[in-house]
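Peer 1: Mind folding the following:
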Amino acid sequence: MKKVLLTIISVCLIAASIFGLFAGVSSFSDIMNVKEYKEEDAKEGLEAIETLNDGLDQLQENEGTYLAGVDTYTAGLISYSEGKSTLSAGYAAYYAGTWRGSVATTGTTRSRSGRSRRWPAAPRAARSGRTRRPSRPRAACRCSARRWPAST
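Peer 2: Take a look at the predicted model:
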């Protein structure tokens, strides 16, 4: 009986050692897979850091261009606002009849054909105090039934 019991225990120990060997091999392959994953992850992280450093270098190079652009933009805004105020003052003077441009207020000028033409002092509506009637919309045909009032 001792010999049978010893054989049974030996078989159990052999089975346990085979199972342990199989478990060790599978866990070793899992460890190698994790190691490979971590190495790839670290490589991607280093590439991202290199890309980040390249981007920071480019930002430092472009900083001077940006600051010059801000100065140019600010100067442009100032020039634009000055031009806008000059334009509005010119319109006001033009409609008031005191415009003094390259052509006199009621002077003459020569057209390309060589004929003289007169420049009015101000638009007719501004001289008479009336506002202009809106222009007629273009119809598909001239026989349109839509009629505009004779005067406004």
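Peer 1: Gly69 is in what secondary structure piece?
Peer 2: helix 2-96 (DSSP states H and E).
Peer 1: Okay, now the unreliable bits of the chain?
Peer 2: For the chain, the stretches flagged by pLDDT under 70 are 98-152.
Peer 1: Pull the contacting residues for Ala75.
Peer 2: Neighbour list for Ala75: empty [criterion: Cβ atoms under 8 Å, 6 or more residues apart in numbering]. Heads up, the C-betas are built off the backbone N, CA and C, glycines and all.
Peer 1: so how far is Ser81 from it?
Peer 2: 11 Å (Cβ to Cβ, to the nearest Å).
Peer 1: same question, Tyr73
Peer 2: 13 Å.
Peer 1: cool, and Gln58?
Peer 2: 34 Å.
Peer 1: Then Phe22?
Peer 2: 83 Å.
Peer 1: Repeat that for Glu63.
Peer 2: 27 Å.
Peer 1: Likewise for Phe28?
Peer 2: In terms of Cβ to Cβ, Phe28 sits 76 Å off from Ser81.
Peer 1: cool, and Gln60?
Peer 2: Gln60 sits 33 Å away from Ser81, going by Cβ to Cβ.
Peer 1: for Asn62, same thing?
Peer 2: Asn62 is 28 Å from Ser81, by Cβ to Cβ.
Peer 1: Same question for Asp30.
Peer 2: Asp30 is 71 Å from Ser81, by Cβ to Cβ.
Peer 1: Same check on Gly64?
Peer 2: Taken as Cβ to Cβ, the span from Gly64 to Ser81 is 27 Å.
Peer 1: One more: Thr7?
Peer 2: 105 Å.
Peer 1: Kindly report the same for Ile18.
Peer 2: In terms of Cβ to Cβ, Ile18 sits 90 Å off from Ser81.
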